[in-house]
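> can't give you the sequence, but here's the structure:
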């Protein structure tokens, strides 16, 4: 084989498992490497033993069918396909052996599935919020109340730590969530309105490190069995934790909060350095965040437009079943006289 490679340019046979192992070893600091490792572990039973040149859409069909049997969304399946495509591209374009030969002559085209089955955002009305929260156990209720008043994601809330809290001279506090838990990879400023601040005060002193815990232990995820059972009892079987973020964003928009302020409050990526604010700017964001909870008592009616699925006269309607650290650095606070 050495002679074939050095003299004749014949590539050694390498399996996808070898390529997956190299990828994981080459990227230990990638933010999503743990998720990649889980995806590769699942893929291994289908294509791990195959030579790289034998990995293509044909040999990936068993993986796709297996995932569909688990009733996962096409986007979830695509995460695995994208990872396979990325590794094959690396093997063809970047990875060279000691003879200067790429691991793969050329990468096949890995076609992604159409993502037409995605869950549509479902912002909650205040009545729906009350129904859902009434069914949640107290620790999840407090986390959900924090989410719907800050726009934080599941992992940002589960990993929220007291060391990230910063007291403000104008009163109250904010949190800077470490970038390792933020989707866009940047430290995130979390503004607390009156409701979110009250949730934080109620949790203060219960745990040395984490803001939200259950029976003295940090919580790994909000979308658990208790959440799923609660939303079914509330008659909202499809509501996800992420819909609380959509709810916060919709309420900000309904309150005429500017697009730039909504970006900052929701932690969306922008060209601004979103952890550098003056006291006046922070006060403005706090006031904007408070507008998200003012409509409950203001008498303002917020109308939600929901898509209504109907059938034609020629097609009878069918009933659809519901699918069932280190402290972050860089916060600058300018004292304004």
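Structure received. Every value quoted in this text rests on a predicted model; they were computed, and no experiment measured them.
> CA atoms for contacts and neighbours, from now on please.
OK.
> are we agreed that residue 175 is in a strand?
Yes. Counting by DSSP: H, G, I helix; E, B strand; the rest coil, residue 175 falls inside a strand.
> right, and it touches residue 193 too?
No. Contact between residue 175 and residue 193 fails when scored by CA atoms under 8 Å: they sit 12.0 Å apart.
> which one's more surrounded, the two?
Counted by other CA atoms under 10 Å, residue 175 and residue 193 do not tie: residue 193 has more neighbours, with 23 against 20.
> and residue 202, its phi and psi?
phi -70, psi -30 (degrees, to the nearest 10).
> the domain parsing of the chain - what is it?
Domains of the chain are assigned by automatic domain parsing as 9-93, 126-304+330-334.
> the ones you listed: lowest mean pLDDT?
Mean pLDDT is lowest for domain 126-304+330-334 among the domains of the chain, at a mean of 88.
> ok, residue 252 - how many residues close by?
24.
> likewise residue 153?
Using other CA under 10 Å, the number of residues around residue 153 comes to 21.
> that one and residue 246 touch, don't they?
No. Residue 153 is beyond contact range of residue 246, at 10.3 Å (criterion: CA under 8 Å).
> please enumerate the helices of the stretch 101-250 of the chain.
For the stretch 101-250 of the chain, the helices defined by DSSP state H, counting those that start in this stretch cover 126-135, 138-150, 154-158, 194-203, 225-233, 242-254.
> between the ones you listed, which one is closest to residue 110.
Closest to residue 110 of the helices of the stretch 101-250 of the chain is helix 242-254 (CA to CA; 29.4 Å).
> now the angle from the closest one to helix 138-150?
30 degrees (axes from the mean of the first three to the mean of the last three CA atoms, to 10 degrees).
> and for helix 242-254, what's in contact with it?
Residues from elsewhere that reach helix 242-254 (CA atoms under 8 Å, 6 or more residues apart in numbering): 121-125, 144, 147-154, 259, 262, 266, 288-289, 291-293, 302.
> and the angle from the next helix-or-strand element following it to helix 242-254?
Once the chain leaves helix 242-254, the next helix or strand it forms, by DSSP states H and E, is helix 259-266. Between helix 259-266 and helix 242-254, the angle comes out at 150 degrees (the same axes, to 10 degrees).
> packing partners for helix 259-266?
Judged by 3 or more CA pairs under 8 Å, 6 or more residues apart in numbering; DSSP states H and E, helix 259-266 is in contact with strand 188-191, helix 242-254, helix 279-298.
> go through it and flag the buried ones.
Using 16 or more other CA atoms under 10 Å as the test for burial, helix 259-266 gives 261-262, 264-266.
> now stretch 188-207: buried residues?
188-197, 199-200, 203, 207.
> what's the first-to-last distance across that stretch?
Stretch 188-207 has an end-to-end distance of 22 Å (criterion: CA to CA, to the nearest Å).
> swap in stretch 57-66?
First-to-last residue span, stretch 57-66, CA to CA: 14 Å.
> quick one: distance of it to the chain centre.
Relative to the mean C-alpha coordinate of its chain, stretch 57-66 is positioned 26 Å out (CA atoms, centre = their mean, to the nearest Å).
> what sits up against it?
By CA under 8 Å, 6+ apart, the residues outside stretch 57-66 that reach it are 43, 46-47, 77, 109-111.
> 7 Å - rerun?
Applying CA atoms under 7 Å, 6 or more residues apart in numbering, the external contacts of stretch 57-66 come out as 43, 46, 77, 110.
> who wins on neighbours among those residues?
residue 43 (22 neighbours).
> tell me the contacts of it?
residue 63.
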